[in-house]
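K.L.:
Return atomic coordinates for the entry below.
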Amino acid sequence: MNNIHYQLTLHDYRSHRLALTLNIRQPNADGQMLRLPKWIPGSYMIRDFSKHIINVRATTQDGRPLAVTVIDPSHWQVAPHPGSIQVHYEVYAWDLSVRGAHYDQQHAFLNGTSCFLEVVGQSKEPHSLDLLADEWAQQQAWSVATTLPALALNPQGFGHYHASNYDELIDHPIEMAAFKEVRFDAGGIEHRMVLTGVHDADLDRIAQDLAPICEAQLAFFGEPAPFERYIFMVMVTGDGYGGLEHRSSTALICSRDSLPYAGMDKPSDKYLEFLELCSHEYFHSWNVKRIQPAILQQSDLQSPASTQLLWWFEGATSYYDLLFLYRAGTIDQTTYLQKLAEQLTRVYRMPGRFQQTLADSSKQAWTKLYQQDENAPNAIISYYTKGALAVIALDLTLRMHSQGQKSLDDLMRLLWRDYGIPQAGLVEDHIEQLAGELVAADLTEFFQQALHSTADLPLAELFAQVGINFALRPPVSNPDLGGTAKENPNAKPYLNLGANLVNSQNQSVKLTHVWHERPAHKAGLSGGDEIIALDGLRMSSVAQLDSYLQRRPLGDRLNCHYFRRDELAVTHITLDSPPADRVVLTAEQTYSWPEK
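P.N.:
Just a heads-up that it's a prediction; the model follows:
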């Protein structure tokens, strides 16, 4: 047994508790400090996982109690003892997300950052883990899915695991359930997808579609591959979407209608979105987990690690996730341009892009992107979407300066060779330097505009050089995200309030976000207000309100009754023309992009 050894038992699914015992053979002679991470890599928000730790107590090896002092919410001090000690505690696991721990009669899922107390001062030493099933897990024939290195397991995967250090221990999530799974080979490497939750997914179809995407990414970076095996862990729910990358696995959550069913012919938009999510998290195996900002490598996960480089790590990954669906043959060029235009529209329809630079979006992720309020669309821009836009512009700029001989692919592979393989930390501003050296050009002006300015990048001019037409048009419907030209250019513009609307439980229409300088904003409406009537007619749903607006003429002035909190108010809304903020991309006959 290692000096640091954990035993995790599935304790009680009814109260969602995991029981842990931490054995420390050689604790600090002055008293052993323990702590739990306050955030999880890849999700840049202080989450204070310690709030779910219950009843921390310590004993000597022969069972004599030792005092445990709470130093602060995430730190515990065990009284000095010259010999081995045991620390006992429980984890409340009821966070149905990719970031925490969740345990019920259906499955148990955990991230190490939520469960494994760190032995301060000994995090670089080898760690081991015994994973034990309770009676319920045995009765339900649960199995284990994890890429944590194993030493001795039973056929279901319960048993003894090990890690070279604490960082490795917490970077291998664990799924335990009677899950469904599919295996496939990509690049000579075994890949698994395990799915929990109720679904009727065609697993063979998923393997058939996902394998070429993984193959394409492995071939793109070349050997050595960053892992010996890989697992996609999928929690299927009624309505969910998200993922979190790890060094040889990813945790995903998706809605069941995002998965393919037996007999599905053409992939649905939601299924393509799921494949893109898989592609995104898989690409992070290189770009984030190995190619990393130095400041993230150095973090102890106790305080925010602010970097402006998230524009690259999430923006480039958001660009390549869709691109590899195209390169793998999952989608054709028309579909690729459609999906890419929808991605760019998510930037152009946000007025917040004129308020926050891309570099600041990255640095302020901890408070602004991850803690959005009703004013977010007017105040911030996402380094995912705006980052992808900047990366596309960078790709086109590199091609322009090199007469098509160099591209973003070359820059990405250069980063893999010089930073990913040797695990060297990437410092701020170095991507800008490498990009300029790659094409022997001064790209200072480009990066100044892309990262430190709120002005729109000249995408129309950049796309034109590779035979792609970039244009903007007004929306033609509420769900319209661009991508195709307006069929009837003389059609009546789609009239809306310039706000996000949801159906309220009060049979009214609730505003969640209000765009500045649009009709709702000019009328004095705010996020949280509930519209109950327009022109004296009750508005009980978003569909009813939308239908009413489409029958009104441009410039019409509507009488609006609404509730703010529990107070009735009245205002007037004047309908104006929606802005041209939907992106359209079309290829000319002689296009030369995204192919190299």
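K.L.:
Just confirm P351 contacts P377, I think it does.
P.N.:
Yes: using CB atoms under 8 Å, P351 is in contact with P377, at 6.5 Å. Any C-beta I mention is one placed from the backbone N, CA and C, and that applies to glycine too.
K.L.:
So for the two, which residues contact both of them?
P.N.:
Common contacts of P351 and P377 (CB atoms under 8 Å, 6 or more residues apart in numbering): W515.
K.L.:
who's more crowded, those two?
P.N.:
A side-by-side neighbour count of P351 and P377, using other CB atoms under 10 Å, places P377 first with 23 against 19.
K.L.:
So which bits of the helix or strand hosting the more buried one are buried?
P.N.:
Here P377, judged by DSSP states H and E, is contained in helix 376-379. Across helix 376-379, burial judged by 16 or more other CB atoms under 10 Å covers 376-378.
K.L.:
out of those residues, which one sits closest to E125?
P.N.:
A376 (43.0 Å; CB to CB).
K.L.:
Can you give me the first-to-last residue distance of stretch 17-33?
P.N.:
Length of stretch 17-33, first residue to last, CA to CA, to the nearest Å: 24 Å.
K.L.:
That one: how far from the chain's middle?
P.N.:
33 Å (CA atoms, centre = their mean, to the nearest Å).
K.L.:
measure E125 to D566 for me?
P.N.:
59 Å (CB to CB, to the nearest Å).
K.L.:
who has more neighbours, these two?
P.N.:
More crowded of E125 and D566, by other CB under 10 Å: E125, with 14 against 5.
K.L.:
can you pull the contacts of the more buried one?
P.N.:
E125 makes contacts with 2-4, 165, as judged by CB under 8 Å, 6+ apart.
K.L.:
Residues contacting stretch 408-419, please?
P.N.:
Residues from elsewhere that reach stretch 408-419 (CB under 8 Å, 6+ apart): 220-222, 286-287, 290-292, 316, 319-320, 391, 394-395, 398, 424-426, 431, 434-435, 438, 596.
K.L.:
Please point out which parts of it sit buried.
P.N.:
In stretch 408-419, counting by 16+ other CB under 10 Å, buried: 408, 410-412, 414-416, 419.
K.L.:
Looking at those residues, spot the one nearest L153.
P.N.:
Once CB to CB is applied, the member of these that ends up nearest L153 is W416, at 32.8 Å.
K.L.:
Any figure for the gap between the closest one and G42?
P.N.:
19 Å.
K.L.:
related to what we said a few turns ago, the helix holding P377 packs against which elements?
P.N.:
strand 509-514 (3 or more CB pairs under 8 Å, 6 or more residues apart in numbering; DSSP states H and E).
K.L.:
Partner strands of the strand it packs on and their direction?
P.N.:
strand 499-503 (antiparallel), strand 530-534 (antiparallel) (DSSP bridges).
K.L.:
Just the terminal-to-terminal distance for stretch 463-480.
P.N.:
End-to-end distance of stretch 463-480 (CA to CA): 22 Å.
K.L.:
hmm, who's touching it?
P.N.:
Contacts for stretch 463-480 (CB under 8 Å, 6+ apart): 337, 348, 396, 399-400, 459-460, 482, 485-487, 491, 493-494, 496, 546, 577-593.
K.L.:
In helices, which of these appear?
P.N.:
Judged by DSSP state H, helices contain the following of these: 337, 348, 396, 399-400, 459-460, 546.
K.L.:
and which of those residues is nearest D48?
P.N.:
Closest approach to D48 among those (CB to CB): Y348, at 36.1 Å.
K.L.:
What are the neighbouring residues in contact with the nearest residue to the closest one once chain neighbours are set aside?
P.N.:
Closest residue to Y348 apart from its sequence neighbours, by CB to CB, 6 or more residues apart in numbering: D581 at 4.6 Å. Applying CB under 8 Å, 6+ apart, we find D581 in contact with 345, 348-349, 472, 474-475.
K.L.:
Spell out for me which residue occupies the centre of this structure.
P.N.:
G243 (4.8 Å; CA atoms, centre = their mean).
K.L.:
so it, which of the three states?
P.N.:
strand (DSSP: H, G, I helix; E, B strand; the rest coil).
K.L.:
how far away is it from E273?
P.N.:
Taking CB to CB as the measure, G243 falls 11 Å from E273.
K.L.:
contacts for the helix holding P377?
P.N.:
Under the criterion CB under 8 Å, 6+ apart, residues 350-352, 355-356, 368, 500, 513-516 lie in contact with helix 376-379.
K.L.:
now stretch 241-248
P.N.:
40, 42-43, 97-99, 111, 147, 168, 171-173, 226-231, 250-255, 258, 273, 277-278, 280-281, 284-285, 288-289.
K.L.:
Could you do stretch 387-398 as well?
P.N.:
The contact list for stretch 387-398 (CB under 8 Å, 6+ apart) reads 310-312, 314-316, 318-319, 340, 343-344, 347, 358, 361-362, 406-408, 410-411, 435, 438-439, 443, 446, 450-451, 457-459, 462-463, 465-466, 593-594.
K.L.:
Please repeat the previous calculation with a cut-off of 6 Å.
P.N.:
By CB atoms under 6 Å, 6 or more residues apart in numbering, the residues outside stretch 387-398 that reach it are 311, 314-316, 318-319, 344, 347, 358, 406-408, 439, 446, 450, 457, 462.
K.L.:
surely S84 meets Q61?
P.N.:
Yes: using CB atoms under 6 Å, S84 is in contact with Q61, at 4.4 Å.
K.L.:
How is this protein divided into domains?
P.N.:
4-177, 180-285, 295-464, 499-574 (automatic domain parsing).
K.L.:
okay, stretch 433-451 in PDB with CA atoms only?
P.N.:
Extracted in PDB, the C-alpha atoms of stretch 433-451 (Å, rounded to 0.1, in the frame of the first residue of the first chain):
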ATOM      1  CA  GLN A 433       5.000  35.400 -31.400                       C
ATOM      2  CA  LEU A 434       4.900  31.900 -32.800                       C
ATOM      3  CA  ALA A 435       2.200  32.800 -35.300                       C
ATOM      4  CA  GLY A 436       4.300  35.700 -36.600                       C
ATOM      5  CA  GLU A 437       7.400  33.600 -36.900                       C
ATOM      6  CA  LEU A 438       5.500  30.900 -38.700                       C
ATOM      7  CA  VAL A 439       4.700  33.200 -41.700                       C
ATOM      8  CA  ALA A 440       7.600  35.600 -41.200                       C
ATOM      9  CA  ALA A 441       5.200  38.600 -40.700                       C
ATOM     10  CA  ASP A 442       4.400  41.200 -38.100                       C
ATOM     11  CA  LEU A 443       1.000  40.200 -36.800                       C
ATOM     12  CA  THR A 444       0.900  42.800 -34.000                       C
ATOM     13  CA  GLU A 445      -1.900  44.800 -35.600                       C
ATOM     14  CA  PHE A 446      -4.000  41.600 -36.100                       C
ATOM     15  CA  PHE A 447      -3.700  40.400 -32.500                       C
ATOM     16  CA  GLN A 448      -4.300  43.900 -31.200                       C
ATOM     17  CA  GLN A 449      -7.600  44.000 -32.900                       C
ATOM     18  CA  ALA A 450      -8.500  40.400 -32.300                       C
ATOM     19  CA  LEU A 451      -7.600  40.300 -28.600                       C
END
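K.L.:
How far away from the center of its chain is it?
P.N.:
28 Å.
K.L.:
Sort out which residues of that stretch are buried, please.
P.N.:
By 16+ other CB under 10 Å, the buried positions in stretch 433-451 come out as 434-436, 438-439, 441, 443, 446-447, 449-451.
K.L.:
cool, stretch 98-107 as well?
P.N.:
For stretch 98-107, by 16+ other CB under 10 Å, it's 98-103, 106-107.
K.L.:
Alright, I will stop here.
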